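Participant: mind looking at a prediction? Sequence and model below.
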Amino acid sequence: MGTTEKGGGGGGKIGCFWLTRIVFLRCLAFIYGVAFAVSHFQNKALLGSNGILPIPSFMARARRHFNLSGDEVSVQAVLALPTLFWWVPVEHTDLALNLISSAGLVLSATVLLQGSANMIIMTSLWALYHSIVNVGQQWYAFGWESQLLETGFLAIWLVPVFSIQLLPVDTPTTRVCRYGYRWLLFRIMLGAGLIKIRGDTCWWDLTCMNYHYETQPVPNPLSRVLHHLPPQWHAMETAGNHVVELGLPWLLLMPHRGAVAMGGVVQILFQTAIIISGNFSFLNWLTMLPAIFCFDDAHLSWMFSAVTARFSAIAEGISLKQKDKPARYQRSVLNGSIGTLLLFLSVPVVQNLLSPRQAMNTSFEAFRLVNTYGAFGSITKERTEVILEGTHETSITAQTKWQEFEFKCKPGDLSRRPCVISPYHYRLDWLMWFAAFQRYQDNPWFINLVAKLLEGDEGVRGLIARDPFNSTTPPKFIRAQHFMYTYSDTVPGSQGPVPYWNRRFLKPYMPGVSLTMLKEFREANGLLSRETVPSSSASTAEKGKKKKGRVKVWNMEVENLGGPIASLCVVALIFLIRLFRRDLDGYYESTQVEMARSRGDVSTSSGSTVDCVGACTHEKRE
């Protein structure tokens, strides 16, 4: 007989995961929503037909690689590069990007508000995001993209094929998904820990955190405060990181319910601490998701009303009575097949974890079903920044006056407060961090970014915070300078605002270039805009007039508030979910109980006393 523990909402059963699934699906839908929002607001300028790294040029190279002509598509090509863009005509690239991101946002919002989904919805979300990631090039070359796809793939098998009921009695939460997510979290954390001790020596001498807060890609306001803490504190942070990433993940694989829950709590708290300390996109928010399956209904019933928690127990009773039905047998075979697939695909991942040459954030097959992860195997000890500067002057001399471009979040203006945007993500700002310790010659995207700013391209101008020029009179030349940045010390009682940063000039990064000087390079790399690039200010102004209204509203105004908007959305949706709880209770009353009564599976008295037949399969209790 199953054991019931009453939480804040009452009635959750130990070893059951009906409520856990609802929490997980809502959280996953939120992350999907953020990812598609980033795509909606940024991808046209980054990847559109006239973007910095255009998808049409990328797909043309892919077609040449697979010896495809015209609109021809082969099975080999699709299996090697799974994306819907194989079937998208070049002239409809921007439309396809908008449709994919809009569809993703609608489906994400549906799952978030409903708290349930089916295989059709979850497969659609996975396929839509897969289509973007596989043509995203450098903009989507981050580990969390594969992590979201792996998390989303497992979620397909977590839900019914067609039903979108909150408590689908024919489809209990499967073991393959529960253990699959715990295995995913284990690999993420252990991989991150191993890559550190195999990498930078500062992880051994406990000094890495002395540098991390200052040199991380996109700091937030608290990063500077944390950086100025004593070295002894940073040493304890580094040691604690090793414990959390190398020791405590083993709790996730334990058969003991209490140990697993403790492992989940530790990992959620650890990810929360990272979120507070910097802007790491939705990575740490996403990493919390597998930890949700460390908790059963008894742990999470406090998040639900008493009615919801009580009827999750009813659903379990009905589900157990149906376990001998043919559909349940077919589902068991499917789950066994998925489990076997995960085990098979985990072999190279485990080999990589055991290898002294461990690879970080790597996929071993095109669909990114099981991947290897890791972060900060090496720590940069000094922060350098690439600062773009432009001028209207027609020739460069020693007296040329240059004006700086300001990005949305990356350090530039010394007095500007660092931003708070997580879980939102400015992809251009992140790549500018990488560019600072690379050569511009090795990054075609950087050269084309400069060319787009020389053109006064409205879409690309919307990706930055401040363009000292305007689309009607873009600069004649742009150069890039290399600076060393360090946090400033807070000076009590000082007059005027204290700058957040100090900087020191290092060397020129890229010499001043004009649009004409870049034309040959852009043509050779397929980066020249499909439209004729106007050379005069008048034609540029005409081009700007056509786009100005819509681009300015969406890319300049809304984009600049991406982080706060995302945070407000979380709060608003929480209140919406709370508001709908009474309606959901009514839904349970009118559908689930009636269904149970009609089947004769559950009996209820006038006092709403429930007799649940059967018990949840539960793990060993403390």
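Facilitator: Cool, got the structure.
Participant: tell me how far N448 lies from E523.
Facilitator: As judged by Cβ to Cβ, to the nearest Å, N448 and E523 stand 11 Å apart. Every residue, glycine included, has its C-beta placed from N, CA and C.
Participant: so which of those two has more stuff around it?
Facilitator: More neighbours surround N448 than the other of N448 and E523, with 23 against 10 (other Cβ atoms under 10 Å).
Participant: after the helix or strand in which that one is found, next one along is what?
Facilitator: Using DSSP states H and E, N448 falls within helix 444-455. Downstream of helix 444-455, the next assigned helix or strand under DSSP H and E is helix 458-461.
Participant: let me know the average pLDDT across that following helix.
Facilitator: The pLDDT scores in helix 458-461 average 95.
Participant: offset the numbering so it begins at 554, please.
Facilitator: That works, and once the first residue is 554, the last one we named lands at helix 1011-1014.
Participant: from the contact counts, what lies against it?
Facilitator: On a contact count with 3 or more Cβ pairs under 8 Å, 6 or more residues apart in numbering; DSSP states H and E, helix 1011-1014 meets helix 571-600, helix 997-1008, helix 1090-1104.
Participant: nearest to G927, out of those helices?
Facilitator: helix 571-600 (19.9 Å; Cβ to Cβ).
Participant: avg pLDDT for that closest one?
Facilitator: For helix 571-600, the mean pLDDT works out to 97.
Participant: ok, back up a step: of the helices and strands packed on helix 1011-1014, which is nearest A814?
Facilitator: Of the helices and strands packed on helix 1011-1014, nearest to A814 by Cβ to Cβ is helix 571-600, at 11.5 Å.
Participant: for that closest one, the distance to its chain's centre please.
Facilitator: Helix 571-600 sits 8 Å away from the centroid of its parent chain (Cα atoms, centre = their mean, to the nearest Å).
Participant: quick one, it and helix 997-1008 angle?
Facilitator: 60 degrees (axes from the mean of the first three to the mean of the last three Cα atoms, to 10 degrees).
Participant: next, the buried residues of helix 571-600.
Facilitator: Going by neighbour count (16 or more other Cβ atoms under 10 Å), the buried part of helix 571-600 is 571-600.
Participant: next SSE after it?
Facilitator: Going down the chain from helix 571-600, the next helix or strand is helix 608-618, by DSSP H and E.
Participant: mind listing the helices for the stretch 804-953 of the chain?
Facilitator: 810-830, 836-844, 850-853, 859-874, 879-907 (DSSP state H, counting those that start in this stretch).
Participant: whoops, the stretch 654-803 of the chain was the one
Facilitator: With DSSP H, counting those that start in this stretch as the criterion, the stretch 654-803 of the chain has helices spanning 672-686, 696-709, 728-750, 762-768, 774-780, 784-795.
Participant: for A859, which of those helices is the nearest?
Facilitator: Nearest to A859, of all the helices of the stretch 654-803 of the chain, is helix 728-750, at 24.9 Å by Cβ to Cβ.
Participant: measure how far that closest one is from the centre of its chain, please.
Facilitator: Distance of helix 728-750 from its chain centroid, counting by Cα atoms, centre = their mean, is 17 Å.
Participant: for that helix, packing partners?
Facilitator: When contacts are defined as 3+ Cβ pairs under 8 Å, 6+ apart, helix 728-750 packs onto helix 696-709, helix 784-795, helix 810-830, helix 836-844, helix 879-907.
Participant: by mean pLDDT, show me the worst of these.
Facilitator: Comparing mean pLDDT across the helices and strands packed on helix 728-750, the weakest is helix 879-907, with a mean of 92.
Participant: buried stuff in that one?
Facilitator: Buried residues in helix 879-907, counted by 16+ other Cβ under 10 Å: R884, N888, I891, G892, L895, L898, S899, P901, V902, N905, L906.
Participant: out of everything not next to it in sequence, what's closest to the first one?
Facilitator: By the measure of Cβ to Cβ, 6 or more residues apart in numbering, the closest residue to R884 outside its immediate chain neighbours is T724, 6.9 Å from it.
Participant: residues contacting the one you found?
Facilitator: Contact analysis of T724 by Cβ atoms under 8 Å, 6 or more residues apart in numbering lists V712, P713, S716, R884.
Participant: wait, the second one sits on M672?
Facilitator: Okay, so that is P713. Yes: with contact defined as Cβ atoms under 8 Å, P713 counts as touching M672 (7.0 Å).
Participant: between the helices and strands packed on helix 728-750, which gets nearest to R728?
Facilitator: Closest to R728 of the helices and strands packed on helix 728-750, according to Cβ to Cβ: helix 879-907, at 7.4 Å.
Participant: tilt between the closest one and helix 696-709?
Facilitator: Here helix 879-907 runs at an angle of 160 degrees relative to helix 696-709 (the same axes, to 10 degrees).
Participant: what helices or strands is helix 879-907 leaning on?
Facilitator: helix 728-750, strand 924-925.
Participant: same thing but 6 Å
Facilitator: The contact analysis (3 or more Cβ pairs under 6 Å, 6 or more residues apart in numbering; DSSP states H and E) places helix 879-907 against helix 728-750.
Participant: would you mark the buried spots in the helix it packs on?
Facilitator: In helix 728-750, counting by 16+ other Cβ under 10 Å, buried: 729-731, 733-749.
Participant: what lies in contact with stretch 989-1004?
Facilitator: Stretch 989-1004 is touched from outside by 605-606, 691, 937-939, 988, 1031, 1063, 1071, 1075, 1078, 1080, with contacts defined as Cβ atoms under 6 Å, 6 or more residues apart in numbering.
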